[in-house]
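J.: Kindly generate the corresponding structure for this input.
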Amino acid sequence: MKPLPTIIGLAALAFASAAAAQTPPAQTVSAKGEVAAATLPNAFAAPGASAAPAAIAPAAQPPSAADPRTEPALRAVIAAVRAGPLDPALFSEGVAAQMPTQEPPLRALLDGKGALVTIVHRGQRNGADIYQALFENGDTQWVIGVDDAGKVAVFLFRETPPQPPAS
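T.: I've put the predicted structure just below:
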């Protein structure tokens, strides 16, 4: 058994509670154990955290090392969204099947953000990397993982929630 399908399966389990509260299109898991693209309201929070959305805060400990393939894959997806229709070859079979419904909300997320300034790795969860992408006019959060072929096999995205006011 290859370790990546197991990791992807574990990622699906970690996101299951957030997926239950999600509005369509729903997150799906293919027969191969690949997690399909979706927007999940609190998929970025630590396990056991409250359901209220919160921005990714800097980690108390240094985040685990990112898979060196995920940031270039994220940059490629962002560039592809801006260039035109997404190429299904960027994604695993299960994620590619979901992209026709996920491409419009992904385009809407990036619309008006301006140029990409930087991408910051915020940690790892069940083998997928968590990133915050900072643009000229806002920022976004992403969970991304790649399979053995280097294709995006775990893909979640959302607007970074506003910071709660300091008490």
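
J.: residue ranges for the strands of this protein, please.
T.: 116-125, 128-135, 138-146, 152-159 (DSSP state E).

J.: Tell me the strands beside the third one, with direction?
T.: In other words, strand 138-146. Paired neighbours of strand 138-146 in the sheet (DSSP bridges): strand 128-135 (antiparallel), strand 152-159 (antiparallel).

J.: Over to the longest one?
T.: Next to strand 116-125 in the sheet, as set by DSSP bridges, lie strand 128-135 (antiparallel).

J.: out of the strands of the chain, deepest packed?
T.: Mean neighbour count (mean count of other CB atoms under 10 Å) peaks for strand 152-159 among the strands of the chain, with a mean of 24. Quick note: C-beta positions are derived from backbone N, CA and C, even for glycine.

J.: Tabulate the CA atom coordinates of that strand in PDB.
T.: Extracted C-alpha coordinates of strand 152-159, given in PDB (Å, rounded to 0.1, in the frame of the first residue of the first chain):
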ATOM      1  CA  VAL A 152      -2.900  18.200  -6.700                       C
ATOM      2  CA  ALA A 153      -4.800  15.500  -4.700                       C
ATOM      3  CA  VAL A 154      -6.000  17.600  -1.700                       C
ATOM      4  CA  PHE A 155      -7.200  21.100  -2.400                       C
ATOM      5  CA  LEU A 156      -9.200  23.400  -0.200                       C
ATOM      6  CA  PHE A 157      -9.400  27.100  -0.200                       C
ATOM      7  CA  ARG A 158     -11.100  30.000   1.500                       C
ATOM      8  CA  GLU A 159     -11.000  33.700   2.200                       C
END
